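K.L.:
for reference, the sequence and a predicted model appear below.
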Amino acid sequence: MNKNILITGGSSGIGFETAKAIAAMGENVFIVGRSEVKTQEAVKEIIAATGNKNIHYFLANLSSQKSIRQLAAQIRSELDHIDVLINNAGGVFPDFKLSEDGLEMTIATNHFAYFLLTNLLLDLVKKSEAGRIVNVASGSHYRGKIDFDSFTQNKSFFTLTAYEQSKLANVLFTQELAERLKGTTITVNSLHPGMVKTHIGNKDMSWYASAIWTFITNLAAISVEAGAKTSVYLATSDEVKNISGKYFDKCKQKEVAKLATDKALQKRLWEVSEQLCPTV
Ligand SMILES: NC(=O)c1ccc[n+]([C@@H]2O[C@H](COP(=O)([O-])OP(=O)(O)OC[C@H]3O[C@@H](n4cnc5c(N)ncnc54)[C@H](OP(=O)(O)O)[C@@H]3O)[C@@H](O)[C@H]2O)c1
């Protein structure tokens, strides 16, 4: 039977290519996007490229807890199980701005969306014979630090610092979730896709930050097809079916930042996340 694979941020970049590659394997693919036109286009393109007609979409603003809750409710009404949840949607933000839930936008989109959506869909993943959760993090996590006050307050906001923190949060969340899922059949792993030629650094950014991103990616980034490889590997390969709580780069396990192995920090992040974003 085909697997149900849910991918956030499937309307462009790495998420789109991940969805396309998994669609080519014949699975049922559900992408989450925020723009109806763009997400519909993505679905059409995937069907045209792969011939797989089992491609569907959901819409949500993943910076909003209300929208994530509505998304989870809709998914629950349409799917009886999820085999693979790929948390991939993310962004960078030029200035300090609070989400409608009072959270700084980078951490709201890049960490709290992973945290909330996963928790709201966990029982559907448990209904799979061997469910997997894949969290797209980044090598930026090695430079990350967690400042809990910065989740809700402007503490000398700097785009890269906020991004690095959110990606460290992805790895810490993965480690803690793996711990909590011990004894179940679900695995959860995180990954670095590589520096990938997408438009993540062009959206919402100032013209000069956008120009720097375009320059760097033209010079040094890998293609989106190559950038999707580790996500596809973690979502589908038999080689990793029993591996959980690990971090991958180029389809190989890699040590995480020392800070990401701090068990007290993993637990504290989970507790703070629950306080700022109840999962029930
Ligand atoms: N590119 C890299 O070099 C790189 C390196 C390391 C890690 N990553 C990680 O890879 C993941 C994908 O990034 P990418 O480079 O593929 O970026 P991208 O091309 O900008 O794709 C990001 C995806 O997330 C969606 N998204 C962003 N904010 C959203 C929101 N509030 N609600 C719903 N959807 C939202 C975007 O929707 P739209 O299509 O509407 O914009 C898009 O589908 C991110 O987690 C990023 O941190 C990327």
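P.N.:
Here it is on my side, so go on.
K.L.:
setting aside sequence neighbours, what's the nearest residue to the single nearest residue of the chain relative to the ligand?
P.N.:
Nearest residue of the chain to the ligand: Gly13, at 2.1 Å (Cβ to the nearest ligand atom). Quick note: C-beta positions are derived from backbone N, CA and C, even for glycine. Leaving aside its sequence neighbours, Gly13 sits nearest to Thr198 (Cβ to Cβ, 6 or more residues apart in numbering; 3.6 Å).
K.L.:
quick one: secondary structure of that neighbour?
P.N.:
When classified by DSSP: H, G, I helix; E, B strand; the rest coil, Thr198 comes out as coil.
K.L.:
need the contact list for it.
P.N.:
Taking Cβ atoms under 8 Å, 6 or more residues apart in numbering, we find Thr198 in contact with Ser12, Gly13, Ile14, Thr217, Val224, Gly227.
K.L.:
tell me if I'm right that the residue of the chain closest to the ligand and Ile200 touch.
P.N.:
Yes - with contacts counted by Cβ atoms under 8 Å, Gly13 reaches Ile200, the gap being 6.4 Å.
K.L.:
which of those two has more neighbours?
P.N.:
Gly13 (22 against 19; other Cβ atoms under 10 Å).
K.L.:
measure that one to Asn88 for me?
P.N.:
8 Å (Cβ to Cβ, to the nearest Å).
K.L.:
what mean pLDDT does the helix or strand hosting Ala162 get?
P.N.:
For Ala162, the element it lies in under DSSP states H and E is helix 159-180. For helix 159-180, mean pLDDT rounds to 98.
K.L.:
in it, which residues are buried?
P.N.:
159, 161-178 (16 or more other Cβ atoms under 10 Å).
K.L.:
repeat that for stretch 262-275.
P.N.:
Leu265, Gln266, Leu269, Trp270, Ser273.
K.L.:
same thing with stretch 209-217?
P.N.:
Within stretch 209-217, judged by 16+ other Cβ under 10 Å, the buried ones are Ala209, Ser210, Trp213, Thr217.
K.L.:
inside helices: which ones of those?
P.N.:
Counting by DSSP state H, these place Ala209, Ser210, Trp213, Thr217 in helices.
K.L.:
would you mind measuring from the second one to Ala178?
P.N.:
According to Cβ to Cβ, Ser210 stands 36 Å off from Ala178.
K.L.:
helices of the stretch 51-200 of the chain, start to end?
P.N.:
65-78, 105-107, 113-126, 159-180 (DSSP state H, counting those that start in this stretch).
K.L.:
residues of this protein that sit close to the ligand?
P.N.:
9, 11-15, 33-35, 38, 60-63, 88-91, 109, 136, 138, 192-193, 195-196, 198-200, 203 (Cβ under 6 Å from any ligand atom).
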